[in-house]
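Peer 1: pasting a predicted model and its sequence here:
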Amino acid sequence: MSFFSLHRQGFVRVAACTPRVHVADPSSNADETLACMREADSRNVDLVVFPELGISGYAIDDLHLQDALLGTVESALARLVEASRDLRPVCLVGAPLRRNGRLYNCAVAFARGRVLGVVPKSFLPNYREYYENRWFAPGVGLAGLEIVLDGDAVPFGTDLIFAAADLPDFVFHAEICEDFWVATPPSTRGALAGALILCNLSASNVLIGKADERAMLCASQSGRCLAAYVFAAAAWGESTTDLAWDGQGLIHELGVALAQTERFADRSQLAVADVDVERLRLERMRTVTFNAAAAAAGHPEKSFRRIAFTHRSSFDDVGLERKVDRFPFVPDDPARLDQDCYEAFNIQVQGLARRMQATKSQRIVIGVSGGLDSTHALLVAARAVDHLGLPRANIQAFTMPGFATSTGTKTNAWNLMKALGVTGEEIDIKPAATQMLHDLRHRAATGAAEYDVTYENVQAGARTSLLFRLANLHDGLVLGTGDLSELALGWCTYGVGDQMSHYAVNASVPKTLIQYVVQWVSEHEDLGADTMAALADVLATGVSPELVPASGVQTEEPTQLSEDVIGPYELQDFFLYHVLRFGYRPTKVAYLAHEAWRDRTVGAWPAARDDAPHNEYDLPTICRWLRVFLHRFFATSQFKRSAIPDGPKVGSGGSLSPRGDWRAPSDASAALWLAELDALEAELSTGR
């Protein structure tokens, strides 16, 4: 089983197919359908969804009631079922079928030469241009029944969901066209019964604006049901006596569009995407109200028949038909990125302004290093006091150079404080830090180059201790600057250090997003040329705690770079998102990171920062830094997160507040996560 197999990593490949239609010609429609089935097989599709009444054609009116046509439909369907024997996909095909003196508009599920079941349409439209009650019987309420096709009795009813016995989470439900336009779509109960992929076989004639309506409904149903939704509408060739057809095929997952066909094409098409069914299952586990809804609905799983089938997946490496964002916290779409930055900044501003109002604080005390995080927190503070009608001079900003402060960051700090019009001061912490090192009998107090964690934390503690006493002196609120990425990795000094403040305004904003929010603020706020220049310098400076000097000599740029120790923040943020938001296994995180980062020339990059590097990482490098993440996140850093101050949650990617998205014991082990990574690296090293 290949590490690069999409099935091993929890994906199922689905397709929405819109074949060319031949009016009232089941044999030709079967030919078109079979050609699409073979194309789907060649593209390693697991499930392919065809349009409503695709074997007969939808817009044939009273021809539906002709026995000659219905008999030919059944023969054509039998031919397709037999042809599927050596093909990979499970197929959902639309056909009018006779049962017990009635005609039903049906979805027929078949695979590997066997019909799995038949689902009749529940809700028949009979308004405006629709007359389905004239020809069909409604399927609503039909359960526990069978229908005979080609001599075999197979399950029939609206109580069917289909589940692969040999591929976890490959579970799907079928409904037909109007069913998802009604107030209570059958797919809702199907989802509550356990289906992760919801399918809609549709005809759906096209009108102005209807394509947007369909997409909205697909997005809404996939989001509300925590599912994927696959929609296939009738295409070119349907009768245009009174209507027209655009052949819209759509695939959505959790409200997001994954793939779609070209509309109004005069050829058969497949929209193909890999659905993350593992993600859907994990999302349902986390969203307890989904399970509460199942209980409120009487636990639909008790009334559904689960039709098992053997899929016989190869588990080969067939690539991934899915976009994986390099920056899950930072959209690459410019409009979405602009909106996200606007909301992130204003959430932080509102949070701080409200906290100042609640505590009756008139002043903010903040340490400004000239680095990224404190710069961003200072921008938030400036906007917050503006919002409250307070002068910016009420922001007491302090730059506190230590043993390793570079001239560049110190200059940036001063330039920024002056440009923003805050009250800026400088306190040299070296004398206080030296005295503490002397009191501790630390060898660095006498000039020895012993730059251990004590040496570093003495400086971090000196700064935070000063800030709290300055807040006492100025009747102010200490504003925290540390971000989500640092909290995830424990890259902060606990207690009397940068982990602590009165209000942690950046605590749920990851490092990768902060860079873009600072850029956004520089472009959207009326800051002036001096502030713009200072922000540009900050964005160009490497991230550093600036605690360890380079051979005792002050430098222009930071020499102690955080990413040399804990790894690239762009990778660490990627790991954090997928572990925190979804609870993915290390193997899957590594797989997704490799898909996102293996080739800098493939895929989109956020466009807001032209100077941002375009990096790529091979799998061994990804595993190396993932090991650092797993150890630090699960084993060594929780005690710092359990005691963090208040701060506003900003993004759906999550927060590490013990009052929010993440609660965990401080004395847990990372052993099981690291063991899985060990096994993966051993597997990769042997080539198995």
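Peer 2: Received, thanks.

Peer 1: can you show me the CA trace of the helix or strand of the chain with the lowest mean pLDDT as CSV?
Peer 2: Here the helix or strand of the chain ranked lowest by mean pLDDT, DSSP states H and E is helix 529-539, holding a mean of 84. Only the C-alpha atoms of helix 529-539 are listed here, as CSV (Å, rounded to 0.1, in the frame of the first residue of the first chain):
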residue,chain,number,x,y,z
ALA,A,529,5.1,57.4,4.4
ASP,A,530,7.2,57.1,7.6
THR,A,531,5.1,54.3,9.0
MET,A,532,4.9,52.5,5.6
ALA,A,533,8.7,52.5,5.4
ALA,A,534,9.0,51.2,8.9
LEU,A,535,6.6,48.4,8.3
ALA,A,536,8.4,47.4,5.1
ASP,A,537,11.6,47.1,7.1
VAL,A,538,9.9,45.0,9.7
LEU,A,539,8.5,42.6,7.1
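
Peer 1: centre of the chain to it, how far?
Peer 2: Counting by CA atoms, centre = their mean, to the nearest Å, helix 529-539 is centred 32 Å from the centre of its parent chain.

Peer 1: what comes into contact with that helix?
Peer 2: 370-372, 375, 408, 411-412, 415-416, 418-420, 515, 518-519, 521-522, 527, 609, 611 (CB atoms under 8 Å, 6 or more residues apart in numbering). For glycine as for every other residue, the C-beta is placed from the backbone atoms N, C-alpha and C.

Peer 1: next: stretch 320-331.
Peer 2: Residues outside stretch 320-331 that contact it (CB under 8 Å, 6+ apart): 6, 11, 13, 43, 258-259, 272-274, 276, 332, 337, 340, 510, 512-513, 516, 570, 573-574, 577-578, 581, 592, 595-597, 603, 605-606, 651, 653.

Peer 1: which of those fall within helices?
Peer 2: Taking DSSP state H, the ones among the contacts of stretch 320-331 that sit in helices are 337, 340, 512-513, 516, 570, 573-574, 577-578, 581, 592, 595-597.

Peer 1: which one of those residues sits closest to Ala183?
Peer 2: Arg581 (31.2 Å; CB to CB).

Peer 1: which ones are touching that closest one?
Peer 2: Pro328, Ser652, Gly653, Gly654.

Peer 1: just the buried members of the residues you listed?
Peer 2: Pro328, Gly653, Gly654 (16 or more other CB atoms under 10 Å).

Peer 1: please name the nearest non-neighbouring residue to Arg140.
Peer 2: Heads up, residue 140 is Val, not Arg. Counting by CB to CB, 6 or more residues apart in numbering, Val140 lies nearest to Ser122, which is 4.1 Å off, once chain neighbours are set aside.

Peer 1: which residues of the stretch 251-400 of the chain fall in strands?
Peer 2: 256-260, 269-276, 305-309, 363-367, 395-399 (DSSP state E, counting those that start in this stretch).

Peer 1: so which bits of the longest one are buried?
Peer 2: Yep, that's strand 269-276 we're talking about. Applying 16+ other CB under 10 Å to strand 269-276 flags Gln269, Leu270, Ala271, Val272, Ala273, Asp274, Val275, Asp276 as buried.

Peer 1: give me the sheet partners of that strand and which way each runs.
Peer 2: strand 11-18 (antiparallel) (DSSP bridges).

Peer 1: gap between the partner strand and the chain center?
Peer 2: With CA atoms, centre = their mean, you get 19 Å for strand 11-18.

Peer 1: likewise stretch 238-253?
Peer 2: Offset of stretch 238-253 from its chain centre (CA atoms, centre = their mean): 29 Å.

Peer 1: do the same with stretch 123-133
Peer 2: Using CA atoms, centre = their mean, the offset of stretch 123-133 from its chain centre is 38 Å.

Peer 1: number of nearby residues for Gly542?
Peer 2: 17 (other CB atoms under 10 Å).

Peer 1: please name the residues that touch the most far-flung residue of the chain relative to its centre.
Peer 2: Distance to the chain centre peaks in the chain at Thr446, reaching 52.2 Å (criterion: CA atoms, centre = their mean). Residues in contact with Thr446 (CB under 8 Å, 6+ apart): none are found.

Peer 1: ok, Arg312 - contacts?
Peer 2: Arg112, Asp166.

Peer 1: oh, I was asking about Gly647
Peer 2: Contacts of Gly647 (CB under 8 Å, 6+ apart): Gly351, Gly480, Tyr503, Ala504, Val505, Asn506, Ala507, Ser508, Ser657.

Peer 1: any chance of those residues in JSON lines, plus neighbour count?
Peer 2: Output for these, formatted as JSON lines (neighbours: other CB atoms under 10 Å):
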{"residue": "Gly351", "neighbour count": "21"}
{"residue": "Gly480", "neighbour count": "27"}
{"residue": "Tyr503", "neighbour count": "22"}
{"residue": "Ala504", "neighbour count": "26"}
{"residue": "Val505", "neighbour count": "31"}
{"residue": "Asn506", "neighbour count": "30"}
{"residue": "Ala507", "neighbour count": "28"}
{"residue": "Ser508", "neighbour count": "27"}
{"residue": "Ser657", "neighbour count": "22"}
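
Peer 1: so which of the residues you listed belong to helices?
Peer 2: Gly351.

Peer 1: okay, the contacts of Gly647 in JSON lines with distance to Ser637 and pLDDT next?
Peer 2: Shown next, in JSON lines, are those (distance: CB to CB, whole Å; pLDDT from 0 to 100):
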{"residue": "Gly351", "distance to Ser637": "23", "pLDDT": "97"}
{"residue": "Gly480", "distance to Ser637": "16", "pLDDT": "97"}
{"residue": "Tyr503", "distance to Ser637": "21", "pLDDT": "97"}
{"residue": "Ala504", "distance to Ser637": "15", "pLDDT": "97"}
{"residue": "Val505", "distance to Ser637": "20", "pLDDT": "97"}
{"residue": "Asn506", "distance to Ser637": "17", "pLDDT": "97"}
{"residue": "Ala507", "distance to Ser637": "13", "pLDDT": "96"}
{"residue": "Ser508", "distance to Ser637": "15", "pLDDT": "96"}
{"residue": "Ser657", "distance to Ser637": "14", "pLDDT": "94"}
